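Chemist: from the sequence below, what's the structure:
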Amino acid sequence: MEERIRYYSVAPDAVKAMRGVQAYVDGCGLEHSLLELVKLRASQINGCAYCVDLHTRDARKAGETERRLYAVAVWEEAPFFTARERAALAWTEAVTLIARDHVPDAVYEEAREEFSEKELVDLTMAIVAINGWNRIAVSFRQQPEMPKSTQAAQ
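Modeler: Numbering: from 1, shown residues only. Below is the predicted model of the structure:
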């Protein structure tokens, strides 16, 4: 698959606007590890190979375990996540797939048990941001960076 447009070069002000939202999320106070799980799960749902690659690498650098990273796609069945992480992952799925169920009340109630109102707004902004990045990267076919060992073999 070939990259369609180098959007970051063609429209740097658009990327700057997205980075502004991301800067808010990065400084909002939610746990970095939680945000990486959210980014990974939304990116999996949206089929964004670039973002899945990026956020698994970022999560590993921040100390996330391989076992938990592998289990994010099946978080409901895996015992490795806290109640707060589970609520965040459920909220991520509901907001990402908003057209399907319009964020069910049960998911909201679960999230409110684990997050303050401000935290829930911040979590939602994190989901909005990653969904935006996913949609840009998928639309323009942004590709993951190839490992140097793979590049040498080609």
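Chemist: per-residue confidence at residue 154?
Modeler: pLDDT recorded at residue 154 is 49.
Chemist: residue contacts, the residue nearest to the spatial centre of the chain?
Modeler: Here the mean C-alpha position of the chain is nearest to the C-alpha of residue 39 (CA atoms, centre = their mean), at a distance of 1.3 Å. For residue 39, the contact set (CB atoms under 8 Å, 6 or more residues apart in numbering) comprises 51, 55, 58, 126, 130. For glycine as for every other residue, the C-beta is placed from the backbone atoms N, C-alpha and C.
Chemist: again, only using 6 Å
Modeler: 55, 130 (CB atoms under 6 Å, 6 or more residues apart in numbering).
Chemist: tell me how far it lies from residue 23.
Modeler: With distances taken as CB to CB, to the nearest Å, residue 39 is found 15 Å from residue 23.
Chemist: please apply the same query to residue 145.
Modeler: Distance, residue 145 to residue 23, using CB to CB: 23 Å.
Chemist: so where is the protein shaky, pLDDT-wise?
Modeler: Regions of the chain meeting the criterion pLDDT under 70 cover residues 149-154.
Chemist: all strands for it, in order.
Modeler: Using DSSP state E, no strands are found in the chain.
Chemist: what residues sit buried inside stretch 44-56?
Modeler: 44-46, 48-56 (16 or more other CB atoms under 10 Å).
Chemist: looking at the residues you listed, which is nearest residue 138?
Modeler: Taking CB to CB as the measure, residue 138 sits nearest to residue 48 out of the buried residues of stretch 44-56, at 5.1 Å.
Chemist: how close does that closest one get to residue 58?
Modeler: Between residue 48 and residue 58 the computed distance is 14 Å (CB to CB).
Chemist: quick one: list the elements packing against the top helix by length along the chain.
Modeler: As assigned by DSSP state H, the longest helix anywhere in the chain is helix 117-139. Contact analysis of helix 117-139 by 3 or more CB pairs under 6 Å, 6 or more residues apart in numbering; DSSP states H and E lists helix 12-26, helix 32-46, helix 49-61, helix 83-96 as its packing neighbours.
Chemist: can you lay out these as a markdown table showing distance to residue 109?
Modeler: Formatted as a markdown table, the helices and strands packed on helix 117-139 follow (distance: least, CB to CB, whole Å):
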| stretch | distance to residue 109 |
| --- | --- |
| helix 12-26 | 24 |
| helix 32-46 | 19 |
| helix 49-61 | 28 |
| helix 83-96 | 10 |
